Each structure stands twice: as C-alpha cells, then as structure tokens.
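sequence? don't have it. structure:
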C-alpha cells in the first residue's frame, strides 16, 4: 500500500513535468494560477476516467489522486467503488471519501466493520469517528477486544488520532493487554486524547519493566499534563535512559522548561530544538546566557543555527564575519542581510548572548535577526548596555 502511494506521487510529478514542459517561465502570476487550475482539472478528468478501468491498480491510484486533489465532484463515482471487488480499492475509496469530508457514507462505513482485512476495518472506524456517529460507538469499542493484536493496536491508534474521549476507560483497561505493542499504543492514545484526569494513572507506567512502555508513558505524560508533572519529567530527564530523557525533553518543551532547554541544546540532537520554538523560549533566551557546555561543544556556525532555530530569526553577518565561517551546508538557515539599525537601539534591554574568544565572534538578537559582531564591537556593546541599565 505504501508502494502505491509512492507510485502515485511519482506519477503526479511526471504529469506535472510533462504538462509544464516548454511553458514560458516569465508568465504573469495570473497566468501561472490559471495554468495550475487547468493542470488540476486535466488530472481530475484523467483520473475520473481511470475509475472505470479493468485494472484494480489503476482504479485505486485514481481514487487516491482524486482524494488528494480534493475532487469533491467525483465523490459519487468514488462512493460506487466502496463495493469494488478489490479490498484495496474499497480501502482507498473510503479513505478518499473521508478526505473529501463526504457525510452520506454512514451505512457503508458500518459495513466495513464486517470486513476481514484489518486495514478496511480501521478505515471504517475512522469514517464513523469522523462522522461522530454516536450510535456506532459501542460497536467500535468492541474492536479493542478483537482477537487480532493488529486490530487492537490499530483501533487504539485511531482512537488517539480522533481524540475519542469515550474510549478512555477501554484504553486504560487494555494497559493490561498481553501484547506489549497494544499497551504501547493505548498509552499513546491516552496522551493524544489529553484528559488530565488520566495523568496520574499514566505516570505509574514510567516504572513498567518494559522499556517501550516506559517511553510511551513519559511521552503521554508530557502531552497530558507537563506542568502538573514537571518534577516527574525532570526526574526522568536526570535519571532515565537516553530514550526516556528524549521523551521527557519533548514534554518539557511544552512548558518551555529552562532545565530542559539547556539539556536539549547540549544533547547533540538539534532536531529537538524545533519543539522549543515558542515565545516563552525566546523570552528565556533573552534572560539567559548560552550554556558554557554549548560553547565547548559547538563551532560558532552551529551555535548560530541553533539560536536561529529557537528564535525563528534569520542570521545577519553584516559584513563583519567572513562568509567562509558559515558552512555552505547551513545555507538554508542563514541569510546574509544588509546592515541593521544602530547597536545602541538594539542593546538598551539585551546584552550580547554569546562570545567565542577563539574566533573573536559574538552575536546579539534584534527584532528581525541575529546579528554577528566582532569582539571589539562586542566589548563596546557590553559597555553601552551596562551604561543603559545603570541609567534606568
């Protein structure tokens, strides 16, 4: 099924390339907009024709494309394929109708609950949850007791995806499930639902003997109530395994915890910093010097990218730093901009945040960018900042 989706994306790319080949690249925006609309309409016409193909692979590809393109005009034709002889075509048809937000599929969705294939059962559950069909809730919940672990796992995941509050008692009960994967996804579902009344219950599983259950519990607790269980997450951050510490960092990011921010910076996993991009984090950076451990571990260009990531601000070298200091691999994160306003205007409230004496570089944070300065300018900025503070 994943291969079908990959093939679909490849085919769409090929259609796009073939259609736009030779078009005038200097056309107006209006022309480009109409071209895109014409291209979309052409693809929709082609794929609607493929819905009647004798080849089931072509039918399911067409259904997938029409759902992806939001072709609501093809909804009636797609609905007919809910009774297709191919289970995969039926699966893609129901998925497309969910994407298109078609409402009159309640009866068909209930029929999907009787299918043998796990994927079709689950897409039926998704359809009924998206429709908020309360009459089917009791039947849906019984699938958590299905003999197949894959069905139980998939249903638990779906309950979390749709934040199905009615499933909370059943999810808690199935944390005693004999299958560890089912227990893992039940915890994840409770985290996604986010009911604070379940936080203390979930926290107990941090001490579970299974490492994956521990990780799921920490992740769920960080989603449900990171503020109320900040101390628990901080304890995990200090004493847990690497996986548990990473899960705790994600939870503490939601409350811009300063200990967690420092740990994230020093962890070597810079992708974690994307979870710390918030106004609270920017305020925290403005009050806090960059940890010395970061200075020891990171070259200046990496430090700048980290701060740029955290603050969502571009980097301005203003001609003070050779471009070679900033490796080409960071080109997507760094913009070489023109001069910024005067240093005094910048530093009445904010000192330079970082000084790398080995390279003679420092930087300050402006409203729009992170500005790199030389050490000589940094000394003057520090002095001016001190005078500004003393005069207040």
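Yep, it's here. Remember, predicted model here, so these are calculated numbers, not experimental data.

which residue ranges form the helices in the stretch 101-250 of the chain?
Ranges of helices within the stretch 101-250 of the chain are 106-112, 118-130, 137-141, 149-161, 168-173, 180-193, 199-203, 211-224, 230-239, 242-253, based on DSSP state H, counting those that start in this stretch.

pretty sure residue 207 contacts residue 214?
Yes. If you go by C-beta atoms under 8 Å, residue 207 and residue 214 touch, sitting 7.5 Å apart. For the C-beta atoms, the positions are set from N, CA and C on the backbone; glycine is no exception.

more neighbours: which of those two?
Between residue 207 and residue 214, residue 214 has the larger neighbour count (other C-beta atoms under 10 Å), namely 21 against 9.

work out for me the element residue 85 sits within.
Residue 85 is located outside every helix and strand, with elements delineated by DSSP states H and E.

compare the mean pLDDT across the helices of the stretch 101-250 of the chain and name the weakest.
If the helices of the stretch 101-250 of the chain are sorted by mean pLDDT, helix 242-253 sits at the bottom with a mean of 90.

so which bits of that helix are buried?
For helix 242-253, burial by neighbour count (16 or more other C-beta atoms under 10 Å) applies to 244-253.

could you do stretch 142-158 as well?
143-144, 151-158.

gap between residue 75 and residue 138?
Distance of residue 75 to residue 138, computed by C-beta to C-beta, to the nearest Å: 29 Å.

these two: which is more packed in?
Neighbour count, other C-beta under 10 Å: between residue 75 and residue 138, residue 75 has more, with 17 against 9.

what's the local residue count around the closest residue to residue 40 other than its chain neighbours?
In this structure, residue 40 finds its nearest non-sequential neighbour in residue 69, 6.1 Å apart by C-beta to C-beta, 6 or more residues apart in numbering. Using other C-beta under 10 Å, residue 69 is surrounded by 18 other residues.

so residue 69 versus residue 62, what's the distance?
Distance, residue 69 to residue 62, by C-beta to C-beta: 11 Å.

hey, what's in contact with both of those two?
Common contacts of residue 69 and residue 62 (C-beta atoms under 8 Å, 6 or more residues apart in numbering): residue 47.

state the pLDDT value of the residue nearest to residue 40.
92.

quick one, phi psi at it?
Note on residue 69: its backbone torsions stand at phi -80, psi 0 [degrees, to the nearest 10].

one more: the one 4 residues further on?
Backbone dihedrals for residue 73, given as degrees, to the nearest 10, come out at phi -70, psi -20.

apart from its chain neighbours, what residue comes closest to it?
residue 44 (7.5 Å).

now do the one you found against residue 157, distance only.
Distance from residue 44 to residue 157, by C-beta to C-beta: 32 Å.

just checking, residue 226 touches residue 252?
Yes. With contact defined as C-beta under 8 Å, residue 226 reaches residue 252; the gap is 6.1 Å.

where does the protein have its least confident helix or strand?
helix 343-347 (a mean of 30; mean pLDDT, DSSP states H and E).

and residue 189, how far from residue 151?
For residue 189, the distance to residue 151 - C-beta to C-beta - is 14 Å.

do the same with residue 179
Relative to residue 151, residue 179 is positioned 11 Å away (C-beta to C-beta).

following whichever strand or helix holds residue 40, which helix or strand comes up?
Residue 40 belongs to helix 29-50 when assigned by DSSP H and E. Remark: after helix 29-50, the chain's next helix or strand is helix 56-68, criterion DSSP H and E.

helices or strands up against that following helix?
If you count contacts as 3 or more C-beta pairs under 8 Å, 6 or more residues apart in numbering; DSSP states H and E, helix 56-68 packs onto helix 2-20, helix 29-50, helix 75-80, helix 87-99.

those: lowest mean pLDDT?
helix 2-20 - the lowest mean pLDDT of those, at a mean of 40.

just checking, residue 81 touches residue 56?
No. The pair residue 81 / residue 56 is not scored as a contact, 9.9 Å apart, by C-beta under 8 Å.

list phi and psi for residue 179.
phi -100, psi 120.

grab the nearest non-local neighbour of it.
residue 149 (4.3 Å).

pull the contacting residues for the one you found.
179, 181-182.

tell me the one of those residues nearest residue 269?
residue 181 (25.1 Å; C-beta to C-beta).

so who does that closest one touch?
149, 153 are the contacts of residue 181 under C-beta under 8 Å, 6+ apart.

mind starting the numbering at 296 from now?
Got it, first residue is 296 now, which makes that one residue 476.

now do the same contact list for the closest residue in space to residue 369 that isn't next to it in sequence.
For residue 369, ignoring the flanking residues on the chain, the nearest one in space by C-beta to C-beta, 6+ apart is residue 361 at 4.8 Å. Contacts here follow C-beta under 8 Å, 6+ apart; on that basis residue 361 touches 339, 342-343, 346, 369, 373, 391.

nearest to residue 383 among those?
residue 391 (12.5 Å).

that'll do, ta.
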